[in-house]
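Trainee: sequence and predicted model, in that order:
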Amino acid sequence: MASRKIDAEVIAQMAQAVATMLTESEAARRCGIEPRHWFEWKSRAGRAGKFAALLEEFRANKIAGLLERVQKSADGVDVKFPDFRAALALLKFQDRARFGDSPTVEINTGNQTAIIIGAGGEAAVMKMLDTIYAEQAKRGQVAPPAAPKQIATAVEVEAERVAPERVK
């Protein structure tokens, strides 16, 4: 496939297609562009950030349109049979995190992943920690594990701090 020139029209078509839930590779092929060519073009001169902003605008307009359809259908405006469920289903597909049936969990890993990768994987981290604890145990610097009675006492102290009238 001969790749077509990427201009403002193609960029808008790409954003429109990606906003309707196509991947960038699928959208590029649909627009007559080799995906490799699209990603190379996007990676130059800060274009990725500009495309992300344009894509965010297209997605916001898509969500606003779906919300408007839900409202019109619920109100019985411009429809033969008022029913918001079809537009609501589209809205759920468009932004499941905000409009889905079940709550979504977002995992933010932060620096822990970088540490594990930098150390050579989980096994290497576990070996390193075992070595550190073994050396501290030889020096007597590791505190013994808390006895069950100590834990129970700590729970009672916390319960008294939170609700002193219930403990007595």
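Mentor: Thanks, I have it. Just so we're clear, the structure is a prediction, and the values are computed from it rather than from any experiment.
Trainee: list the contacts of stretch 78-97.
Mentor: Residues outside stretch 78-97 that contact it (CB atoms under 8 Å, 6 or more residues apart in numbering) are 21, 59, 62-63, 66-67, 69-76, 99-101, 104, 106. Yep, even glycine has a C-beta here, placed from its N, CA and C like the rest.
Trainee: from those, which ones fall inside helices?
Mentor: The helices, defined by DSSP state H, take in 59, 62-63, 66-67, 69-75, 99 from the contacts of stretch 78-97.
Trainee: what subset of these is buried?
Mentor: Among the ones in helices among the contacts of stretch 78-97, the ones that count as buried by 16 or more other CB atoms under 10 Å are Arg59, Lys62, Ile63, Leu66, Arg69, Val70, Ser73, Phe99.
Trainee: need the max-distance pair from these.
Mentor: By the measure CB to CB, Arg59 and Ser73 form the most distant pair in those, at 21.0 Å.
Trainee: any stretches of the protein with poor pLDDT?
Mentor: Counting by pLDDT under 70, the ranges of the chain that qualify are 1-2, 102-121, 125, 142-168.
Trainee: so what's the closest residue to Trp38 other than its chain neighbours up against?
Mentor: Closest residue to Trp38 apart from its sequence neighbours, by CB to CB, 6 or more residues apart in numbering: Ala28 at 4.1 Å. Applying CB under 8 Å, 6+ apart to Ala28 gives the contacts Met14, Glu34, Pro35, His37, Trp38.
Trainee: quick one, which of those are buried?
Mentor: Listed as buried from the contacts of Ala28 are Met14, Trp38; burial here means 16+ other CB under 10 Å.
Trainee: quick one: the helices in this protein?
Mentor: Ranges of helices in the chain, per DSSP H, are 8-19, 24-30, 35-43, 47-75, 85-94, 96-99, 111-119, 122-139, 148-162, 164-167.
Trainee: circling back to that earlier point, can you put the ones in helices among the contacts of stretch 78-97 in a markdown table and add distance to Asp83?
Mentor: Below are those laid out as a markdown table (distance: CB to CB, whole Å):
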| residue | distance to Asp83 |
| --- | --- |
| Arg59 | 25 |
| Lys62 | 20 |
| Ile63 | 20 |
| Leu66 | 14 |
| Leu67 | 16 |
| Arg69 | 11 |
| Val70 | 10 |
| Gln71 | 13 |
| Lys72 | 11 |
| Ser73 | 6 |
| Ala74 | 8 |
| Asp75 | 11 |
| Phe99 | 17 |
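Trainee: what residue spans form the domains of the chain?
Mentor: What automatic domain parsing lists as the domains of the chain is 8-99, 111-167.
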